[in-house]
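Asks: Model the structure of this input:
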Amino acid sequence: MTEVVKKGLTVEELKRKYKGNTRALNQDHENLIEKVLSSEEGLISKHREILDSVENDTSEQRQLLDEVERPGSDVKLYLAESFRCLQDEIESLVKLRD
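Replies: Numbering: from 1, shown residues only. Okay, here's the model as predicted:
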């Protein structure tokens, strides 16, 4: 199966490989479809996790913003915490891309 995907075999090459063995061709096809579906499910699951993480970070950033708007707040702490939240979001998005 991997050989077919990696090489991008032509129809003629597939005919030579399977020599009319439709059962083997069908099995490789099914295995490939399962692999694609599994990859899609993994991507969707990972995306959902990242969205949850981003929502949590956004909530945390809103709290930080509320706190910094109070008199006597520590702006340096606000900036440091905001930067950390943004870094977390960037890391999550990079994980999704990879």
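
Asks: Which helix or strand in the chain has the lowest average pLDDT?
Replies: Of all helical and strand segments in the chain, the minimum by mean pLDDT, DSSP states H and E falls on helix 2-7, at a mean of 51.

Asks: Could you give me the buried positions within whichever helix or strand comes after it?
Replies: The C-terminal neighbour of helix 2-7 among helices and strands, as given by DSSP states H and E, is helix 11-18. Residues of helix 11-18 include none that count as buried (16 or more other Cβ atoms under 10 Å). Heads up, the C-betas are built off the backbone N, CA and C, glycines and all.

Asks: Where do the helices of the protein begin and end?
Replies: Assigned helices in the chain, in chain order: 2-7, 11-18, 22-68, 75-97 (criterion: DSSP state H).

Asks: Least confident of these, on average?
Replies: For these, mean pLDDT drops lowest on helix 2-7, to a mean of 51.

Asks: Count the neighbours of residue 50 for me.
Replies: 17 (other Cβ atoms under 10 Å).

Asks: Pretty sure it sits against residue 98.
Replies: No. The pair residue 50 / residue 98 is not scored as a contact, 11.6 Å apart, by Cβ atoms under 8 Å.

Asks: my read: residue 9 touches residue 17, true?
Replies: Yes. With contact defined as Cβ under 8 Å, residue 9 and residue 17 form a contacting pair (6.8 Å).

Asks: who touches residue 91 in this structure?
Replies: If you count contacts by Cβ atoms under 8 Å, 6 or more residues apart in numbering, residue 91 has none.

Asks: That one and residue 64: what is the separation?
Replies: 18 Å (Cβ to Cβ, to the nearest Å).

Asks: And for residue 24?
Replies: Distance from residue 24 to residue 64, by Cβ to Cβ: 59 Å.

Asks: out of those two, which sits in the busier spot?
Replies: residue 64 (19 against 13).

Asks: This completes my enquiry, with thanks.
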